[in-house]
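Asks: Only the shape, not the letters, is given here:
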Ligand SMILES: Cc1cc2nc3c(=O)[nH]c(=O)nc-3n(C[C@H](O)[C@H](O)[C@H](O)COP(=O)(O)O)c2cc1C
C-alpha cells in the first residue's frame, strides 16, 4: 500500500464519468465529494433535481445514482484503483447514497468498459429485426447477477404483456396534466442546455403504435413527431431485485449501467421503457410470478440500430464539490 491519494485531475475524471450516466429525463441527480483522506469518494443525491410526480419515492433517482456509481467504479479502475463500495453508509444522512473507498488492489473492472462510458447513449430509434445472440445475452445476465440483481430476457408472450402494460401506463401519463407538465419541463427543444432531453435524442414514435416509446411531449405529441416502423418484436429485458429498498434501487442502477456498457461494447443498443414502473398498479403487474417475488426496477429494450444522440451534461464544477472534504463511516454494502 502506498500513500497515493486522489489528485484534482483524478477527481475530475471520476466526476465526468459518473456524470455521464443515464438518469430519469437526464435529471442528473448526483453530487460527488472527495473523502477526507482523499482515498475515497462520497456520492450524494441531489434532491433539487428530483422528479417528484413521476418518482415520488425517489426510486428512479436512486437507480440513476446507482448508474453513476457503476461509472465511478469503472473510472476508478481505469485510474488503477479498486473501489470498495458501501451503499447508504450513514442512516442519519439519507442524501449520502454511497461511499467508495479506493485501494490499490488493482483494477477490478475490464479496461475497455471505460471507453464505453462516452459511447453509450439511449437509442430511441427503431431497431433491426435481428435477435441479440444468446451468448451476448448470457454475458448481460451474468453482469446483472454480479450486481445482486436479475436480468430476465423476455420470451414473446411476456414481451407482449410488458408492452401492453407499458402502453397502459403511457396512456395514464398522457391523461395526467400534472405529470405531462413535469415531463415537458425536462424537454430542451430549442436552447442548448446542460440537462434534460434535446430534440435530437427523442426519436420517432412507432407508426403502428405497437412499441410504446415514451412520448415526452404528450400523446399525440406536441409539436408533432414523425412516426416510423419499429422492430416486429422488441427484445425486452427486466432488471429485478429481491428487495425494494434504497440499497436495492442503487444495485439496480449499477446493474443497468454495467449491462448497458457491456451491451455497448458488443454493438448492442438500448433504451429504457420506464412508464409501467412509475405506477404502482402496473409495476405490480409487471412481476413474473413464476420467477418468484422479484421487484421490477427497469425495462430495457435491446437491439441493433443507430447509436442514439449524445445528451448534454452539467459541468464537472457543478457536480464535484472540492470546497471541503467529507467523512464517512460504516454501512451496508
Ligand atoms: C430511471 C430511469 C428511467 C428512464 N426512463 C426512460 C423512459 O421511460 N423512456 C426513455 O426513452 N428513456 C428513459 N430513460 C433514459 C434517460 O432519458 C436517459 O438516460 C437520459 O436522457 C440521458 O441520455 P443518455 O442515456 O443518452 O445518456 C431512463 C433512464 C433512467 C436511469
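Replies: Arrived safely. Remember, it's a predicted structure, so these values are computed and weren't measured experimentally. Residues are numbered from 1 along each chain as shown.

Asks: alpha carbons only for contacts and neighbour counts from here, please
Replies: OK.

Asks: which residues sit in contact with residue 137?
Replies: Contact analysis of residue 137 by CA atoms under 8 Å, 6 or more residues apart in numbering lists residue 153.

Asks: Quick check: it vs the ligand, distance?
Replies: Distance from residue 137 to the ligand, counting by CA to the nearest ligand atom, to the nearest Å: 20 Å.

Asks: can you map out the strands along the stretch 51-200 of the chain?
Replies: Assigned by DSSP state E, counting those that start in this stretch, the stretch 51-200 of the chain shows strands spanning 82-87, 96-103, 150-153, 187-188, 197-198.

Asks: which one of these lies closest to residue 247?
Replies: Nearest to residue 247, of all these, is strand 82-87, at 6.1 Å by CA to CA.

Asks: Contact partners for the closest residue in space to residue 228 that isn't next to it in sequence?
Replies: Nearest residue to residue 228, sequence neighbours excluded (CA to CA, 6 or more residues apart in numbering): residue 207, at 4.8 Å. By CA under 8 Å, 6+ apart, the contact set of residue 207 is 227-230.

Asks: list the contacts for the nearest residue to residue 80 once chain neighbours are set aside?
Replies: Counting by CA to CA, 6+ apart, residue 80 lies nearest to residue 107, which is 5.1 Å off, once chain neighbours are set aside. By CA under 8 Å, 6+ apart, the contact set of residue 107 is 76-82.

Asks: Ok, residue 111 next?
Replies: Each residue near residue 111 by CA under 8 Å, 6+ apart is listed here: 74, 77-78.

Asks: Can you give the distance of stretch 295-305 from its chain's centre?
Replies: Centre-to-centre, stretch 295-305 and its host chain are 11 Å apart (CA atoms, centre = their mean, to the nearest Å).

Asks: coming back round to it: any idea which of the contacts of residue 207 has the most stuff around it?
Replies: Within the contacts of residue 207, most neighbours by other CA atoms under 10 Å means residue 230, with 22 neighbours.

Asks: which residues in the stretch 51-200 of the chain form helices?
Replies: For the stretch 51-200 of the chain, the helices defined by DSSP state H, counting those that start in this stretch cover 59-78, 112-119, 134-146, 156-174, 177-184.

Asks: Next, the buried residues of the fourth one.
Replies: Within helix 156-174, the residues scored as buried using 16 or more other CA atoms under 10 Å are 159-160, 162-170, 172-174.

Asks: out of the contacts of residue 111, which one sits closest to residue 203?
Replies: Minimum distance to residue 203 across the contacts of residue 111 is 28.9 Å, recorded for residue 74 (CA to CA).

Asks: pretty sure the closest one contacts residue 113?
Replies: Yes - taking CA atoms under 8 Å as the definition, residue 74 is a contact partner of residue 113 at 6.7 Å.
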